[in-house]
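Chemist: What follows is a predicted structure for the sequence shown.
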Number of protein chains: 2
Amino acid sequence: MAHFFVCHGRDEIPRWRMAFPESSWVGPTQALEQVGRGDLAWVMSNLDGWETLVRDLVNRGAVLVVLSYTPDPAEASLALNAGARGYAHALSPAVLLRQVALVTSNQGIWVLPELLSSVVGGTFKALGGRARMHGETLAALTERERTVALAVAEGKSNKVVARELDITERTVKAHLGAIFRKLGIRDRMQLVLRLSQQEVGIADHSH
Amino acid sequence: MAHFFVCHGRDEIPRWRMAFPESSWVGPTQALEQVGRGDLAWVMSNLDGWETLVRDLVNRGAVLVVLSYTPDPAEASLALNAGARGYAHALSPAVLLRQVALVTSNQGIWVLPELLSSVVGGTFKALGGRARMHGETLAALTERERTVALAVAEGKSNKVVARELDITERTVKAHLGAIFRKLGIRDRMQLVLRLSQQEVGIADHSH
DNA sequence: ATTGATATTGGACCGATGGACAGGGCCTGG
DNA sequence: CCAGGCCCTGTCCATCGGTCCAATATCAAT
């Protein structure tokens, strides 16, 4: 995973290099050529068309962080809506930049703490607090059954699960039987789909 | 920095302990007594009044992550608005939980990739969106194999797929064999996991 | 003490699954 | 023309998965 700082030539900031000695420094055009899947790109918000650039790089699978000399909530929203995973001050200390890299490269979102409330709060009223159901997908299962269900849902075979839990394969089947019955499903496939939150055509089942 | 899992007594999930062996297990009332500044608290969304609990704990300086059996965007909104820094599936694998802990304890926000788009804005689907993921793994397959793979990944049996595509069950098996070989997986379970989620240890395989 | 839920195991049965081996036709690039 | 990819089909077979028939032991509640 390579690091790219995308900015005007004049804007190279020493502490960036301090934070990531291995990183590359490129302009917008080189960025489009060099940045690829899994790379981490830091894009300055003083570039013309930085939003488009961010979208493009995000679309090709890069992790994007937008850096700004003048952070503000509106710009943060633009950055996040463009697909960026982070928004920070361009002059953040090296240690903070590393923290941002850590967070964003682990599926996290990082925005300046001061801006957090406005960014997060703003996007929420659009959703509207609707009813969320307390589906008892797994809640209806016993402890043991949950354990088995989870193991199976990771793709493990009955035999493997049996070894792991130090029980007989036969017992695993018994638990699975109970699981299927309680959840109203037929096989482990449905279980996986259920646990990965896909809506599965629920079987009618008449027993 | 201590770890606390706040849930019903019945809901203790083995992989939580697997992820954080040192963590404590408490009910809502004990949580209010024991959780303090800098602690990381995981709160189940099936608790009565979890939102209030989250607000209280956040106010005293704790880092909060909400876990749900049935994640959905609306609930994610509630969680983040209550001050939580993370929102994940209660049955997330241990490695993912550690990732969430890493991100949230570093000022980051962590939300289920699938929900990211609805939480943050419009364009986040470019990242964790299902379409992209699919395109990635399915790119190596032929048209027909893709069709079969998707059908199987919906939980359909070979027989059903055969009927739908108007081919022999044998042919479905043949396609599946090619799919498994190309993707380096062993069975349909791995296929479902590959197509429906991200993590999951995939077998290496050398072809 | 009886009942109920939970966890465990046994055997047997049979359909579903996946691999091995072996073909058929079709089409495209060399 | 031929090699190679794609799509289709066949048989054989070992294994896996799910369900039916059980049974035993623990533990909590009635």
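Modeler: Cool, the structure landed. A quick note: this is a predicted structure, and the numbers were derived from the prediction, not measured.
Chemist: what's the following helix or strand after the lowest-mean-pLDDT helix or strand in chain A?
Modeler: Lowest by mean pLDDT, DSSP states H and E among the helices and strands of chain A is helix A:113-122, with a mean of 54. Counting by DSSP states H and E, the element after helix A:113-122 in chain order, helix or strand, is helix A:143-153.
Chemist: Need the contact partners of the lengthiest helix in chain A.
Modeler: Counting residues, the longest helix found in chain A (DSSP state H) is helix A:169-183. By C-beta atoms under 8 Å, 6 or more residues apart in numbering or on different chains, the residues outside helix A:169-183 that reach it are A:137, A:140-142, A:144-145, A:148-149, A:152, A:158-159, A:161-162, A:165, A:186-188, A:190-191, A:194, A:207. Heads up, the C-betas are built off the backbone N, CA and C, glycines and all.
Chemist: Run the angle between it and helix A:143-153 for me.
Modeler: Angle of helix A:169-183 versus helix A:143-153, following axes from the mean of the first three to the mean of the last three C-alpha atoms, to 10 degrees, is 100 degrees.
Chemist: Helix A:169-183 near DNA strand C anywhere?
Modeler: Yes. Helix A:169-183 lies within reach of DNA strand C by C-beta under 7 Å from any atom of the strand, at A:170-171, A:173-175.
Chemist: So which bits of that helix are buried?
Modeler: Within helix A:169-183, the residues that count as buried by 16 or more other C-beta atoms under 10 Å in any protein chain shown are A:172, A:175-176, A:178-180, A:183.
Chemist: Of these, which are in range of DNA strand D?
Modeler: When C-beta under 7 Å from any atom of the strand is applied, the members of these adjacent to DNA strand D are A:176, A:180.
Chemist: Tell me which two in the buried residues of helix A:169-183 are the farthest apart.
Modeler: Between any two of the buried residues of helix A:169-183, the greatest separation by C-beta to C-beta is 16.0 Å, found for A:172 and A:183.
Chemist: residue boundaries of the strands in chain A?
Modeler: For chain A, the strands defined by DSSP state E occupy A:3-6, A:24-26, A:40-44, A:63-68, A:86-89, A:108-111.
Chemist: As CSV, those strands with distance to residue B:100, mean pLDDT and mean neighbour count would be great.
Modeler: Output for the strands of chain A, formatted as CSV (distance: least, C-beta to C-beta, whole Å; pLDDT from 0 to 100; neighbours: other C-beta atoms under 10 Å in any protein chain shown):
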stretch, distance to residue B:100, mean pLDDT, mean neighbour count
strand A:3-6, 24, 83, 23
strand A:24-26, 30, 78, 17
strand A:40-44, 19, 86, 24
strand A:63-68, 17, 85, 26
strand A:86-89, 16, 80, 23
strand A:108-111, 8, 72, 25
